[in-house]
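Colleague: When you get a sec, could you give me coordinates for this:
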Amino acid sequence: MPSRRTRITPQSSHGQLAAALTALREEFGVPEGFPAAALAEARSAAPPEPAIDLRDLPFVTLDPVGSRDLDQAFHLERTARAATRAAARGFTLHYAIADVPGFVAPGGALDAEARTRGQTLYLPDGAVPLHPPVLSEGRASLLPDADRSAYVWTVALDSDGSVVDARVERALIRSRAQLDYPSAQAAIDLGAAAGPLALLPEVGRLRIAQEHARGGASLNLPEEEILRDEHGYRIERRTPLPVEEWNAQLSLLTGMIAGRMMLDARIGILRTMPPPAPEALDGFRARVAALGTPWPSGLGYGDYLRTLDPATARTAAVLRAAASLFRGADYAAFDGAAPEAPEQAAIAAPYAHVTAPLRRLVDRWGLVVCEALCRDAEVPGWARESLAEVPALMRSSSARAGQLGAAALDRVEAALLRDRAGEIFDAVVLEVRGGQARVQIADPPVTALCPVTGGVDTDHDDAGGMDGTDDTDDAREGRLAGTVIRTRMVHADVATGAIELAPV
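Modeller: Okay, here's the model as predicted:
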């Protein structure tokens with residue numbers, strides 16, 4: 001799907017937007033800069049040199065264009081598995097994760113500041129990092145052509161992508177190349193991918209098949225990203241590239257291995273999510289049936305989603321409904337008895353966050369715990385003693401990140417529409433509740449609410465009940481979702497992010 005771009009220039013509402021984003025930072029208490037003591041630690045601290053040297057492996061990183069906080073590097077190779085299955089061949093994944101625990105002294109100024117932040121915040125007017133950039137974009141980042149200490153996961157996979165064996169250990173590595181998603185996808189499509197990248201599509205597809213088999217479901221929802229350059233702000237809405245999903249499978253695989261290690265040892269911290277309640281599943285079945293895309297009986301949830309055509313308006317409405325099914329994500333710390341409900345329902349397996357320590361606080365604990373378990377050593381006292389504190393820190397930071405991100409997006413969307421009062425826009429109806437439709441305009445890429453009581457023009461001939469004939473509200477709302485309606489832009493307030501649309 002091509003990206004949709006509409007720019008906010010300094011000549012339009014750039015000044016109002018800058019003021020609104022500054023006000024948001026003040027409202028949410030977003031920190032500016034780092035305390036001097038934390039900066040001093042970030043500049044001087046260094047992990048002890050690992051005993052294991054893996055610099056002969058040609059690791060590469062794969063991230064969005066321009067990334068500097070590089071948490072992960074990978075290496076893939078084919079390997080014989082004769083010891084486990086005669087004549088079978090499989091793969092070995094080496095997955096290196098930045099050695100943040102080696103830089104952050106427990107109880108120090110850097111540790112204290114990271115606990116107050118919880119995670120990196122990504123805002124239109126600049127990211128607010130978890131760690132000082134000298135660390136997160138420099139000394140600890142897995143940048144190319146630099147020796148780095150890392151937590152290296154070595155995972156043996158069978159020919160079908162299933163895990164045969166896994167361990168994690170601290171090692172010295174050296175990344176050979178910093179790859180980005182667009183160029184990596186282009187190289188794969190041209191048959192020109194080399195090194196570890198050449199095997200990523202094959203391993204990624206095998207892991208996706210494993211996800212299907214266990215009943216997991218990855219929602220590859222179109223992404224909305226706010227970008228800023230010297231000319232102003234813009235929003236890009238795009239569907240993730242296949243290489244992004246294959247790369248994500250490496251992280252999911254590692255997180256599932258970590259979760260299983262922790263459960264087996266009865267100590268750690270899991271990322272959990274309860275399965276949808278039966279009534280929620282029934283409601284989802286009713287909603288997608290009303291959209292004209294029924295969920296066949298006997299077909300798994302993930303398999304159903306994979307049958308949908310991502311290019312249709314109705315699919316956008318189905319995915320909106322699907323995203324609301326899985327709620328209640330949380331962290332569960334344990335030392336002794338395992339959690340009663342350890343699974344992450346969307347992944348359909350126990351799972352832990354261990355692959356992004358530069359950007360997420362909890363990963364530091366997960367890495368330290370798993371590395372100690374693999375050495376048959378005691379979990380470090382600082383990690384064990386503070387384990388129970390981490391879920392609350394992550395809940396608080398996740399809530400702030402979600403609220404702040406949504407509020408910032410609202411204000412950028414309002415700035416895109418501020419000078420377009422009276423214009424008519426076609427919009428996909430994602431869902432309808434209580435006479436209000438959440439609609440998605442294609443260009444400019446904006447999602448907003450629009451009242452749908454009364455007549456509404458639609459490009460679906462079979463929509464029914466929208467031409468003045470009698471119909472119930474529930475029936476009309478059910479048929480509206482997944483259709484394209486015409487809306488008029490009435491007013492947009494950049495300061496509050498409020499957008500007023502009216503049906504045509």
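Colleague: for the stretch 1-150 of the chain, what spans make up the helices?
Modeller: 14-27, 36-44, 100-103, 109-117, 133-134 (DSSP state H, counting those that start in this stretch).
Colleague: Select, out of those, the one closest to P296.
Modeller: For P296, the closest of these is helix 14-27, at 44.7 Å, according to Cβ to Cβ. Glycine gets a C-beta too; all of them are placed from N, C-alpha and C.
Colleague: ok, and what's touching that closest one?
Modeller: 8, 30, 32, 123-125, 232-233, 404, 407-408, 411-412, 415, 418, 494-497 (Cβ atoms under 8 Å, 6 or more residues apart in numbering).
Colleague: can you pull the pLDDT of the closest residue to E225 other than its chain neighbours?
Modeller: Computed as Cβ to Cβ, 6 or more residues apart in numbering, the closest residue to E225 that is not its neighbour in sequence is E236, at 5.1 Å. Looking at E236, its pLDDT reads 80.
Colleague: now the strand or helix carrying E236 and helix 14-27, what's the angle there?
Modeller: Using DSSP states H and E, E236 sits in strand 232-238. On the basis of axes from the mean of the first three to the mean of the last three Cα atoms, to 10 degrees, strand 232-238 is oriented at 80 degrees to helix 14-27.
Colleague: tell me what strand 232-238 is packed against?
Modeller: In terms of contacts (3 or more Cβ pairs under 8 Å, 6 or more residues apart in numbering; DSSP states H and E), strand 232-238 is packed against strand 4-8, helix 14-27, strand 223-229, helix 390-417.
Colleague: closest one to G434 among those?
Modeller: When those are compared by Cβ to Cβ, helix 390-417 sits nearest G434, at 19.8 Å.
Colleague: Show me what counts as buried in the helix or strand following the closest one.
Modeller: With elements assigned by DSSP H and E, the helix or strand that comes after helix 390-417 is strand 424-433. Going by neighbour count (16 or more other Cβ atoms under 10 Å), the buried part of strand 424-433 is F425, D426, A427, V428, V429, L430, E431, V432.
Colleague: I would like the residues contacting strand 424-433, please.
Modeller: Residues outside strand 424-433 that contact it (Cβ under 8 Å, 6+ apart) are 287, 313, 316-317, 320-321, 437-442, 447, 450, 452, 459, 477-478, 480-489, 501, 504.
Colleague: Also stretch 388-401?
Modeller: Under the contact criterion Cβ under 8 Å, 6+ apart, stretch 388-401 has outside partners 28, 115, 117-119, 121, 269, 330-333, 335, 360-362, 365.
Colleague: Would you mind checking those for buried ones?
Modeller: Buried among the contacts of stretch 388-401 by 16+ other Cβ under 10 Å: 28, 117-119, 121, 269, 330-333, 360-362, 365.
Colleague: which one among the residues you listed gets closest to H94?
Modeller: Using Cβ to Cβ, these come closest to H94 at R360, 21.6 Å.
Colleague: if I pick the closest residue to the closest one other than its chain neighbours, what's in contact with it?
Modeller: For R360, ignoring the flanking residues on the chain, the nearest one in space by Cβ to Cβ, 6+ apart is Q119 at 4.9 Å. Counting by Cβ under 8 Å, 6+ apart, Q119 touches L130, R359, R360, L361, M394, S397, S398, A401.
Colleague: And Q119, how far from P58?
Modeller: 31 Å (Cβ to Cβ, to the nearest Å).
Colleague: same deal with A36?
Modeller: Taking Cβ to Cβ, one finds A36 at 39 Å from P58.
Colleague: now G298
Modeller: Distance from G298 to P58, by Cβ to Cβ: 46 Å.
Colleague: Please say which of those two ends up with more neighbours.
Modeller: The neighbour comparison of G298 against P58 (other Cβ atoms under 10 Å) goes to P58, with 16 against 6.
Colleague: Can you say which helix or strand has the closest residue to the more buried one other than its chain neighbours in it?
Modeller: Closest residue in space to P58, ignoring its immediate chain neighbours: R176 at 4.6 Å, by Cβ to Cβ, 6+ apart. Assigned by DSSP H and E, R176 falls within strand 163-180.
Colleague: What mean pLDDT does that strand get?
Modeller: 98.
Colleague: Show me what it packs onto, helices and strands only.
Modeller: strand 52-53, strand 59-63, strand 89-98, strand 147-157, helix 242-265, helix 362-374.
Colleague: buried residues in the fourth one?
Modeller: Same thing as strand 147-157. Applying 16+ other Cβ under 10 Å to strand 147-157 flags R148, S149, A150, Y151, V152, W153, T154, V155, A156, L157 as buried.
Colleague: any idea how far it is from the chain center?
Modeller: With Cα atoms, centre = their mean, to the nearest Å as the basis, strand 147-157 stands 22 Å off its chain's centre.
Colleague: Parallel or antiparallel, which strands does that strand pair with?
Modeller: Strand 147-157 has the following strand partners under DSSP bridges: strand 89-98 (antiparallel), strand 163-180 (antiparallel).
Colleague: relative to strand 424-433, how tilted is the helix or strand harbouring V288?
Modeller: Using DSSP H and E, V288 falls within helix 278-290. Per the same axes, to 10 degrees, the angle that helix 278-290 makes with strand 424-433 is 140 degrees.
Colleague: Need the CA coordinates for helix 278-290. PDB is fine.
Modeller: Extracted in PDB, the C-alpha atoms of helix 278-290 (Å, rounded to 0.1, in the frame of the first residue of the first chain):
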ATOM      1  CA  PRO A 278     -16.900 -15.700  25.300                       C
ATOM      2  CA  GLU A 279     -19.300 -12.800  25.100                       C
ATOM      3  CA  ALA A 280     -16.600 -10.600  23.400                       C
ATOM      4  CA  LEU A 281     -16.000 -13.400  20.900                       C
ATOM      5  CA  ASP A 282     -19.800 -13.600  20.300                       C
ATOM      6  CA  GLY A 283     -20.000  -9.900  19.800                       C
ATOM      7  CA  PHE A 284     -17.100 -10.000  17.300                       C
ATOM      8  CA  ARG A 285     -18.800 -12.700  15.300                       C
ATOM      9  CA  ALA A 286     -21.900 -10.700  15.100                       C
ATOM     10  CA  ARG A 287     -20.000  -7.500  14.100                       C
ATOM     11  CA  VAL A 288     -18.100  -9.200  11.300                       C
ATOM     12  CA  ALA A 289     -21.200 -11.000  10.000                       C
ATOM     13  CA  ALA A 290     -22.900  -7.600   9.800                       C
END
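Colleague: Residues contacting stretch 271-281, please?
Modeller: 255, 259, 284, 301, 325-332, 339, 341-346, 351-353, 362.
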